[in-house]
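S.K.: Below is the sequence, then the predicted model.
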Amino acid sequence: MTKFDGSFYVAHYNTFMVGAAADLYELTVSGYGGNATDAFSSNSGEQFSTTDQDNDGYASGHCGNLYGAGWWYPHLCGTVFLNGAYAGASHSGGTGIVWVPITGTTSSFETVVMKKSSGFVRRRGEQKQVKAEEMLPQGGQKQVEAEEMLPQ
Ligand SMILES: [Ca+2]
């Protein structure tokens, strides 16, 4: 994510999953690292809302309608909104690319990219136990267990 002044922010999440249609594309996001402040994990567990489908965590509001875009909105619509209509460096709410700890509520990022890491990815259920043999100094061996990270 890049601000209009060129400053660059990264939010990396170890877990980012979107559920099935039957679960209304429920978001699971956790395991933050980066320099953007963790704001997005508050959206974890929310279902996807659109302008005409209110599946958000805001009982008395319809965030998809208020903001004119699909997203996983928590109660009061949350502090991360990367799907807003582009409105330049400043906006008056309901638009913009917003990560409130960085942008505040009335300024926007210039660019944002959401992408899967190019490194190793472990999906739920893909962890497996592997056996390895550790060589001991006297030439003996003992069994040790380790978890192997599977490539995507
Ligand atoms: Ca609602």
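M.R.: Arrived safely, thanks for sending.
S.K.: I102 belongs to a strand?
M.R.: No - going by DSSP: H, G, I helix; E, B strand; the rest coil, the assignment for I102 is helix, not a strand.
S.K.: Tell me who's in contact with it.
M.R.: M1, K3, Y9, A36, T37, F109 (CB atoms under 8 Å, 6 or more residues apart in numbering). For every residue, glycine as well, the C-beta is placed using N, CA and C.
S.K.: which stretches of the chain have low pLDDT?
M.R.: Residues of the chain meeting the criterion pLDDT under 70: 118-152.
S.K.: The ion contacts on that one?
M.R.: Proximity of the chain to the ion, by CB under 5 Å from the ion, involves residues D54, D56, Y58.
S.K.: Around the closest residue to the last one other than its chain neighbours, how many other residues sit close by?
M.R.: Right, Y58. In space, and not counting its chain neighbours, Y58 is closest to H75: 5.2 Å by CB to CB, 6 or more residues apart in numbering. By other CB atoms under 10 Å, 14 other residues sit near H75.
S.K.: you'd agree H75 is up against S60?
M.R.: No - checked against CB atoms under 8 Å, the pair H75 and S60 is beyond contact range at 9.6 Å.
S.K.: Could you find the closest non-adjacent residue to the most centrally placed residue in the chain?
M.R.: With distances taken as CA atoms, centre = their mean, V29 lies nearest the centre of the chain, 5.0 Å away. Distance criterion CB to CB, 6+ apart; nearest residue to V29, sequence neighbours excluded, is S44 at 4.7 Å.
S.K.: quick one on the thing from earlier: my read is the residue nearest to the centre of the chain is in a strand, agree?
M.R.: Yes - assigned with three-state DSSP, V29 falls within a strand.
S.K.: quick one: contacts for it?
M.R.: Y13, T15, F16, M17, F40, S41, N43, S44.
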